[in-house]
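Student: Build me a structure from this.
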Amino acid sequence: MKKTILILTLIFATNLEAQKDTLYFNATWDKTTKQNAEFYRPMPLKKVGGLYQVKNYYSSGNLQMEGYFANVEKEILDGITVWYLKNGQKSKESYTVEAKEKSKGIYKNNHPYKGDFYKIKPEVGLIDGYKSVIASLFHYKKGKKIGNQYAGFIDGSDFRVTDTIQYKSKKPYQGKDIEYYENLLHVHTYKKGMLVKTSIEDLSDGEVKFLVSYSDKGFITTHLRSNSTVSEVTYLDQTKQNAKVVLYHDIKNRGTLEFRGNRITAIDLAFKEAGMNHDYNLEKPYKLVIKAKKERLTVKIYTELNIVNTFTYKYFLPDSEELFLTGKGDAVAYFYLDNSKKMISSCSTKNHKPYHGIVIQYDNEMNTFSFRKYKKGKRMDSKRALTKEELLKLLKK
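Tutor: Numbering: from 1, shown residues only. Have a look, this model is predicted:
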């Protein structure tokens, strides 16, 4: 008798221990044994913040549902929950806040088909002065996106709709469409299918820094704090891919560019920055030469022009390197002294950083030079406060 009790106790304890690892469910989601299960849930659930991550599986091992519980015992969902078919394709999803379902969407062939679908952005913006996680709520009807809503979740719960956009023929038609690009919030305003303006907001402080105003003839980008023009684009034909661009810096005209298709075909650009005079020229098709001169030092940089996949204002914002440099940032710089045509050093760049060779810099206040030697991206040697004679001796010139 004691042996029987001992065996039953061991079996019961084993079952309890197994339930800590996995829960099994039948077709109606009642708890059952592994042999009779249609679904199962690995246990214990992983805690993420104040929620518990849950994943249910078909008996085949394919994912059936994934989401988060706010309360494990009552199985109260929180946030985005996605359900899957046996073949692995998405079936539906919902968004729940404080036990209330805010939205529900149905998938067809693994694509949104009808209803509402949330996409939570990791970026943090400001709503009414409060930090907020930004979300997009996409509306679908018969597989077509008919609109968006953009909302903020302050402290994870307080839901506020900030902007909306309606779609027509799969394109933005009326309202505000939001885009995140390089830690900036780009808000595109549409009226009857026409893009009329774009405001560019810094997510760190909520300040709108730039405004892009559009017309049939082109667009103008303005820096709002200084109320100065950054760039002015005039279309040369109806394709809106051929254009003339005037660039400005501190109100002054820096020069012009001309685009044909996805390439710069003409450059007339000259300006002074960081104490150096800069001149941009095309030596041959798509080969850019940048000449930078600072009193006793001249640098010539040769690089391939970047291909412009989409003609956009983003290329003409201040400090945008994408306009000229290729994605790899590969270039070769040549250094000259005192208007001499004889090169004293050169250095290649990779990923926009010195890679192989010698970089020379000039301090006009001290009338001295600095020397940095690179080999395969690593700095091998450096010297500062050199006279011309010391520099040439170091370079063995």
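
Student: domains of the protein?
Tutor: The chain breaks down into these structural domains: 114-206, 216-289+304-322, 328-397 (assignment by automatic domain parsing).

Student: Could you dump those domains into JSON lines and include mean neighbour count, mean pLDDT and distance to residue 101?
Tutor: C-beta: built from backbone N, CA, C; applies to glycine. Putting these into JSON lines (neighbours: other C-beta atoms under 10 Å; pLDDT from 0 to 100; distance: least, C-beta to C-beta, whole Å) gives the following:
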{"stretch": "domain 114-206", "mean neighbour count": "16", "mean pLDDT": "76", "distance to residue 101": "10"}
{"stretch": "domain 216-289+304-322", "mean neighbour count": "15", "mean pLDDT": "85", "distance to residue 101": "38"}
{"stretch": "domain 328-397", "mean neighbour count": "15", "mean pLDDT": "92", "distance to residue 101": "47"}
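
Student: Now for residue 372: which residues touch it?
Tutor: Counting by C-beta atoms under 8 Å, 6 or more residues apart in numbering, residue 372 touches 354, 358, 359, 361, 379, 381, 382.

Student: just those residues now: which is nearest residue 344?
Tutor: The nearest member of the contacts of residue 372 to residue 344, counting by C-beta to C-beta, is residue 358 at 8.4 Å.

Student: How about the secondary structure of the closest residue to residue 339 other than its chain neighbours?
Tutor: Nearest residue to residue 339, sequence neighbours excluded (C-beta to C-beta, 6 or more residues apart in numbering): residue 298, at 7.1 Å. Using DSSP: H, G, I helix; E, B strand; the rest coil as the criterion, the local structure at residue 298 reads strand.

Student: Now for the contacts of residue 372: which two are most distant?
Tutor: 361 and 381 (14.3 Å).

Student: residues near residue 50, how many?
Tutor: 9 (other C-beta atoms under 10 Å).

Student: Now it: closest residue in space that isn't a chain neighbour?
Tutor: Computed as C-beta to C-beta, 6+ apart, the closest residue to residue 50 that is not its neighbour in sequence is residue 70, at 7.6 Å.

Student: Could you do residue 281 as well?
Tutor: Leaving out its chain neighbours, the residue that sits closest to residue 281 by C-beta to C-beta, 6+ apart is residue 289, at 5.1 Å.

Student: Give me the residues contacting the helix or strand where that neighbour lies.
Tutor: For residue 289, the enclosing helix or strand under DSSP states H and E is strand 287-294. For strand 287-294, the surrounding residues in contact (C-beta under 8 Å, 6+ apart) are 264, 267, 275-283, 298-305, 324, 362, 364.

Student: Which ones among those residues lie within strands?
Tutor: Assigned to strands by DSSP state E, the following of the contacts of strand 287-294 qualify: 264, 267, 276-283, 298-304, 362.

Student: Surely residue 113 forms part of a strand?
Tutor: Yes - with the criterion set as three-state DSSP, the secondary structure at residue 113 is a strand.

Student: these two touch, right, it and residue 139?
Tutor: No - using C-beta atoms under 8 Å, residue 113 is not in contact with residue 139; the gap is 11.8 Å.

Student: Among the contacts of residue 372, which ones are in strands?
Tutor: 354, 358, 359, 361, 379, 381, 382.

Student: need the strands for the stretch 201-350 of the chain, in chain order.
Tutor: Assigned strands in the stretch 201-350 of the chain, in chain order: 208-215, 218-223, 228-235, 243-249, 252-260, 263-273, 276-284, 287-294, 297-304, 331-337, 343-350 (criterion: DSSP state E, counting those that start in this stretch).

Student: Quick one: list the elements packing against the shortest one.
Tutor: Judged by 3 or more C-beta pairs under 8 Å, 6 or more residues apart in numbering; DSSP states H and E, the packing partners of strand 218-223 are strand 208-215, strand 228-235.

Student: same deal with the longest one?
Tutor: Helices and strands in packing contact with strand 263-273 are listed as strand 243-249, strand 252-260, strand 276-284; criterion 3+ C-beta pairs under 8 Å, 6+ apart.

Student: Give me the distance from the first one to the chain's centre.
Tutor: Centre-to-centre, strand 243-249 and its host chain are 25 Å apart (C-alpha atoms, centre = their mean, to the nearest Å).

Student: can you check stretch 90-108 too?
Tutor: Between the mean C-alpha position of stretch 90-108 and that of its chain there is a distance of 26 Å (C-alpha atoms, centre = their mean).

Student: Appreciated, that's everything.
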